[in-house]
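[1] quick one: sequence and predicted model below, then my questions.
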Amino acid sequence: SVCALTVTETARARIEKSGGEVITFDQLALRSPTGENTMLLRGRKHQREVYRHFFGVAKNVKPYVRAKGRKFESARGRRASRGYKKKSA
């Protein structure tokens, strides 16, 4: 059994095809009031797009740029021909 707030139709079909069932939280509370034999899972904590711009020591941090192209973000630190190229971690 899988308990969730929302489930996509594709996920519901895959769960039911493999012999499982999808229930709501109130059905889970009636079935197991103390929460015995249940496991809580959650999605990724930093899933939002904004987190791709954080964590400056990470390798693939996206800079906030106006656009991608020839005229943008090509200054010092980005290219060896513009003074220096910053080494990636």
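    Okay, I see it. Numbering: from 1, shown residues only.
[2] touching the helix-or-strand element of the chain with minimal mean pLDDT from outside, list them.
    Ranked by mean pLDDT, DSSP states H and E, the weakest helix or strand in the chain is strand 78-79, scoring a mean of 82. Under the criterion Cβ atoms under 8 Å, 6 or more residues apart in numbering, residues 85-86 lie in contact with strand 78-79. Every residue, glycine included, has its C-beta placed from N, CA and C.
[3] for this structure, which segments count as strands?
    Along the chain, counting by DSSP state E, strands occupy 2-3, 22-23, 78-79, 84-85.
[4] quick one: list the elements packing against the first one.
    It refers to strand 2-3. If you count contacts as 3 or more Cβ pairs under 8 Å, 6 or more residues apart in numbering; DSSP states H and E, strand 2-3 packs onto strand 22-23, helix 25-31.
[5] go through those and pick out the most buried.
    Among these, strand 22-23 has the highest mean neighbour count (mean count of other Cβ atoms under 10 Å), at a mean of 16.
[6] about what we covered before: which of the strands of the chain sits closest to Arg42?
    strand 2-3 (12.5 Å; Cβ to Cβ).
[7] how far out from the middle of the chain is the closest one?
    20 Å (Cα atoms, centre = their mean, to the nearest Å).
[8] what's it in contact with?
    Contacts for strand 2-3 (Cβ under 8 Å, 6+ apart): 15, 20-25, 27-28, 38.
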